[in-house]
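S.K.: Whatever this is, show me its structure:
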Amino acid sequence: MRYRVTAYPRLRIRSGAGLNHNVIGHLPYGSVIHVQDFRNGWALLSSKINHEGKWIEGFVSSQYLAPLDELNVGVNIDPRNPVSDVPISTLRPLHYVRFAYDSRQQDVESQFNFYDRILNDCAVSGITPVIVLNHQTWGEGRGFNWDQMHNDINAWRSFSARWLHAISKIVERYSQRSIVWQIWNEGDSASEAAVGIPAEGYAYMLDIALMRIRQLNPQSVVISQGHVSGRSDYWKTVIHHSNSANLLNGLALHPYGISGKHNGAFGVHGNLPDLVNRWRPITSLPIWFTEFGLCGGNAPMLPESTAARYAAEFLSACAELGVKTAIWYGYATGMHSCRGALHHGMRGDLWNVLKEYAQNRASV
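M.R.: Numbering: from 1, shown residues only. As a prediction, this is how the structure comes out:
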């Protein structure tokens, strides 16, 4: 079985199972290792480790090892978009489908029948929905000007009270279903795709939402908004002002422009190992990529085979780095089509990568 090293900045490798044995090497924080056996609190490495040009084998303290969960794979959909409203059953064997709860500027109850259908299809298909609770859940243009509110904490607190009332009705209706609730989307960077919110305002929103959701169902899975800016200082500020951020089930990121490996293609903003290792020291939460893909720019012109190779490289890196979940932005949520599955129904190269990877991980 695979494990990740949690000792920072490194974990000692000893020649035997005990502190009385010599230190013969070190494993950096975040390293992934295979364990052959456990002996009285010590783990025997299942293979030799290349340490400073020498191949060594030995033991490490098991208290600094965390089991490496298998990667879950999913896809974003847009049930409101006729092109993106794909039959949920065709998305098997993916683990997740992600979409926002859009109230269409009405009371949330008016949309229950619409989302009942989607959630019933998810249940029958064995796919877990990730539902984003954001500004669309309350409704666009219902008395709040997002641009004017951006840095106004009091305005966000006023909005949060109304938003909490709305999401409470949603969570209460679906409290007995298997759902991942995501609190907001890309609030760390205002854009055409998202409504920005100051970190202190998001911390307040996160606290009241998480408390309410867990009151209705203590077993609920709740994750943070997808952070897209790449700025870890935003999350540090959230942690500083929040009373419950550490109680989440995951920290979500949207690593656009990030390649799966060093010097990989499409890595205009860096690579996945560096990104993950930059975030890990500031959070113990599992990392979720609730959006990844090739959006914007020249992406729509790329051959699907290129997108498929990118996805395969990315998912492989996620598994090695211990990322919990990776959800392709493939069916668009009112935005770009993200070259791939959308262009060839569910028969293209990219879909085959997602499907085969989900099947392989599910069978491990």
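S.K.: what about the helices in the chain?
M.R.: Applying DSSP state H to the chain gives helices spanning 112-125, 135-138, 146-149, 153-173, 199-216, 232-241, 272-279, 304-321, 349-362.
S.K.: what sits up against the first one?
M.R.: The contact list for helix 112-125 (CB atoms under 8 Å, 6 or more residues apart in numbering) reads 79, 87-89, 91-92, 97, 99, 101, 128-129, 173-174, 177-179. C-beta: built from backbone N, CA, C; applies to glycine.
S.K.: Buried subset of those residues as a ChimeraX selection?
M.R.: To isolate the buried subset of those in ChimeraX, counting by 16 or more other CB atoms under 10 Å, use the following:
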select :79,88,91,97,99,101,128,129,173,174,179
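S.K.: Go through the contacts of helix 112-125 and flag which are in strands.
M.R.: Among these, the members falling in strands (DSSP state E) are Val97, Phe99, Thr128, Pro129.
S.K.: Run a quick neighbour tally on the closest residue to the second one other than its chain neighbours.
M.R.: Spatial nearest neighbour of Phe99, chain neighbours left out: Ile77 (5.3 Å); criterion: CB to CB, 6 or more residues apart in numbering. Counted by other CB atoms under 10 Å, the residues lying close to Ile77 total 21.
S.K.: What of Leu164?
M.R.: 17.
S.K.: ok now do it, which residues does it touch?
M.R.: Residues touching Leu164, when contacts are defined by CB under 8 Å, 6+ apart, comprise Ile208, Ala209, Arg212.
S.K.: so the last one touches Val171, yeah?
M.R.: Spelled out, it's Arg212. Yes. Taking contacts as CB atoms under 8 Å, Arg212 lies within contact range of Val171: 7.1 Å.
S.K.: More neighbours: which of those two?
M.R.: Of the pair Arg212 and Val171, Val171 is the one with more neighbours under other CB under 10 Å, namely 24 against 16.
S.K.: Where does the prediction get shaky in the protein?
M.R.: Where the chain drops to pLDDT under 70, the residues are 51, 69, 83-85, 141, 192, 295-302, 330-347, 360-364.
S.K.: what sits against the residue sitting nearest the centre point of it?
M.R.: Most central residue of the chain, judged by C-alpha distance to the mean C-alpha position with CA atoms, centre = their mean, is Trp288 at 1.9 Å. Shown in contact with Trp288 (CB under 8 Å, 6+ apart): Ile223, Gly250, Leu251, Ala252, Leu253, Val323, Lys324, Thr325, Ile327.
S.K.: With Ile88 instead?
M.R.: Ile88 is in contact with Val97, Ile118, Asp121, Cys122, Val124, Ser125, Ile127, counting by CB under 8 Å, 6+ apart.
S.K.: Repeat that for Cys318.
M.R.: Contacts of Cys318 (CB under 8 Å, 6+ apart): Leu71, Gly260, Leu272, Phe289, Ala326.
S.K.: could you redo the last one with a cut-off of 6 Å?
M.R.: If a contact means CB atoms under 6 Å, 6 or more residues apart in numbering, then Cys318 has Leu71, Ala326 as its contacts.
S.K.: Now distance to Gly18 too, for the contacts of Leu164, in a markdown table please.
M.R.: Supplementary listing: the contacts of Leu164 in a markdown table, determined by distance: CB to CB, whole Å:
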| residue | distance to Gly18 |
| --- | --- |
| Ile208 | 49 |
| Ala209 | 47 |
| Arg212 | 49 |
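S.K.: Nearest to Leu294, out of the helices of the chain?
M.R.: Leu294 lies closest, by CB to CB, to one member of those: helix 304-321, at 5.5 Å.
S.K.: Around Asp121, count how many other residues there are.
M.R.: Counted by other CB under 10 Å, the residues lying close to Asp121 total 16.
S.K.: let me redo that: His227
M.R.: Residues contacting His227 under the criterion other CB under 10 Å number 23.
S.K.: pretty sure it is touching Gly250, no?
M.R.: No. Between His227 and Gly250 there is no contact under CB atoms under 6 Å: 11.7 Å.
S.K.: Which of the contacts of Trp288 fall in strands?
M.R.: Mapping these onto strands (DSSP E) picks out Ile223, Gly250, Leu251, Ala252, Leu253, Thr325, Ile327.
S.K.: Can you add distance to Asn243 and neighbour count and give these back as JSON lines?
M.R.: Listed next are the ones in strands among the contacts of Trp288 as JSON lines, based on distance: CB to CB, whole Å; neighbours: other CB atoms under 10 Å:
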{"residue": "Ile223", "distance to Asn243": "17", "neighbour count": "23"}
{"residue": "Gly250", "distance to Asn243": "18", "neighbour count": "20"}
{"residue": "Leu251", "distance to Asn243": "16", "neighbour count": "23"}
{"residue": "Ala252", "distance to Asn243": "19", "neighbour count": "30"}
{"residue": "Leu253", "distance to Asn243": "22", "neighbour count": "26"}
{"residue": "Thr325", "distance to Asn243": "25", "neighbour count": "24"}
{"residue": "Ile327", "distance to Asn243": "28", "neighbour count": "26"}
